[in-house]
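Novice: sequence plus the predicted model coming up.
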Amino acid sequence: MLGLGNAGVLQRFYNEIESSIGLPGSDGSLSSRIDGFETSLIEASSRPDSQPRLMAALRAAEGVASQMRAISSGIQQLRQQADTSIASAVSDLNTRLQKSQISTTTSVCKPDQGAKLQALWTNASDN
């Protein structure tokens with residue numbers, strides 16, 4: 001089950017993705033660029049001898065490709081940030097576990113309790 005902290009992280013991730021893709025129909029969004037590309041292809045196909053229409057289709061295709069590269073780059077950055085955060089959390093957890101283990105070992109193995117522990121061990125193994 002995800003905690004509230006994880007929900008916030010996921011929300012930020014989804015907001016970043018949405019921001020890079022854009023809302024459907026909004027200027028500069030991926031869907032608008034694809035729609036523009038489709039329109040330019042239809043126009044170019046109606047007059048394949050028209051150099052301006054072919055160039056418009058090429059520019060529209062370049063716009064879609066450029067935005068796809070930008071989205072891909074943004075996702076890679078988000079993944080890298082997530083990997084860094086995970087590595088930091090794992091390192092922090094390992095440090096805490098090591099401290100906990102040292103603390104537990106220290107409290108269990110106090111010299112004045114050695115005989116008591118040995119007696120407990122002997123009694124446990126006799127049963």
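Specialist: Structure received. Numbers count the residues shown, from 1 in each chain.
Novice: can you tell me which helices and strands the host helix or strand of I86 packs against?
Specialist: Assigned by DSSP states H and E, I86 belongs to helix 51-108. Here helix 51-108 touches helix 4-21, helix 30-46, going by 3 or more C-beta pairs under 8 Å, 6 or more residues apart in numbering; DSSP states H and E. Just so you know, the C-beta spots here come from the backbone N, C-alpha and C atoms, and that holds for glycine as well.
Novice: which of these sits closest to Q81?
Specialist: helix 4-21 (9.0 Å; C-beta to C-beta).
Novice: please enumerate residues in contact with the closest one?
Specialist: L2, S29, L30, A70, I71, G74, I75, L78, A82, S85 (C-beta atoms under 8 Å, 6 or more residues apart in numbering).
Novice: report how many residues lie close to the second one.
Specialist: Using other C-beta atoms under 10 Å, S29 has 17 neighbouring residues.
Novice: report the central residue of this structure.
Specialist: In the chain, the centroid-proximal residue (C-alpha atoms, centre = their mean) is R79; its distance is 3.9 Å.
Novice: G25 against S32, yeah?
Specialist: Yes: contact criterion C-beta atoms under 8 Å: G25 and S32 qualify, at 6.5 Å.
Novice: of those two, give the one with the bigger neighbour count.
Specialist: S32 (17 against 9).
Novice: quick one, what contacts that one?
Specialist: Neighbours of S32 in contact, by C-beta under 8 Å, 6+ apart: G22, P24, G25, S26.
Novice: roughly how far apart are it and L23?
Specialist: Using C-beta to C-beta, to the nearest Å, we find S32 at a distance of 9 Å from L23.
Novice: neighbours of A56, how many?
Specialist: 18.
Novice: what's the spacing between it and R79?
Specialist: A56 is 35 Å from R79, by C-beta to C-beta.
Novice: by neighbours, which of the contacts of helix 4-21 wins?
Specialist: That'd be L30 among these, by other C-beta under 10 Å, with 19 neighbours.
Novice: tell me the spacing between that residue and S91.
Specialist: With distances taken as C-beta to C-beta, L30 is found 37 Å from S91.
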